[in-house]
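**Q** Below is the sequence, then the predicted model.
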Amino acid sequence: MIDIIWERIVVNEGEVFRQIRGGEFTYKVKGSTVELSRTNRSISKQTVNSALELVPLKNTVPLQMLQAPSYLFAMLMDSRIRQNDW
């Protein structure tokens, strides 16, 4: 499943995503890393794969052990990324 989700992440590069508290951000994909616009943090493809084991999500709590949980939540729960998969 990671390859399908990663392709959706790549396709939506540069689009605006919204965090749970309303903060907006964009991202750039460089290789197997997502570079976030509002923070110095980045998210690896491996981290996305780990987060996929936890979807669907109601909040960021299950993601707290991963890098940039609020950004991960915003991306994975967005309809452009999840589509009808969860």
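**A** Looks like it arrived, so ask away. These numbers were taken from a predicted model, which means no experiment stands behind them.

**Q** residues making contact with the helix ranked longest in the chain?
**A** In the chain, taking DSSP state H as the definition, the longest helix is helix 2-11. Here helix 2-11 makes contact (Cβ atoms under 8 Å, 6 or more residues apart in numbering) with 27, 29, 34, 45, 48-49, 52, 75-76, 80-81, 83, 85. Where you see a C-beta, it was placed from the backbone N, CA and C, and this is true even at glycine.

**Q** Could you rerun that using 6 Å?
**A** 29, 45, 49, 81 (Cβ atoms under 6 Å, 6 or more residues apart in numbering).

**Q** In that helix, which residues are buried?
**A** Of the residues in helix 2-11, 5, 6, 8, 9 count as buried by neighbour count, 16 or more other Cβ atoms under 10 Å.

**Q** out of those, who's nearest residue 59?
**A** residue 5 (19.7 Å; Cβ to Cβ).

**Q** what's the closest non-adjacent residue to residue 51?
**A** Leaving aside its sequence neighbours, residue 51 sits nearest to residue 72 (Cβ to Cβ, 6 or more residues apart in numbering; 5.0 Å).

**Q** Show me how far the one helix or strand the one you found maps to is from its chain's centre.
**A** Remark: residue 72 resides in helix 69-76, with elements defined by DSSP states H and E. Distance, stretch centre to chain centre, for helix 69-76: 4 Å (Cα atoms, centre = their mean, to the nearest Å).
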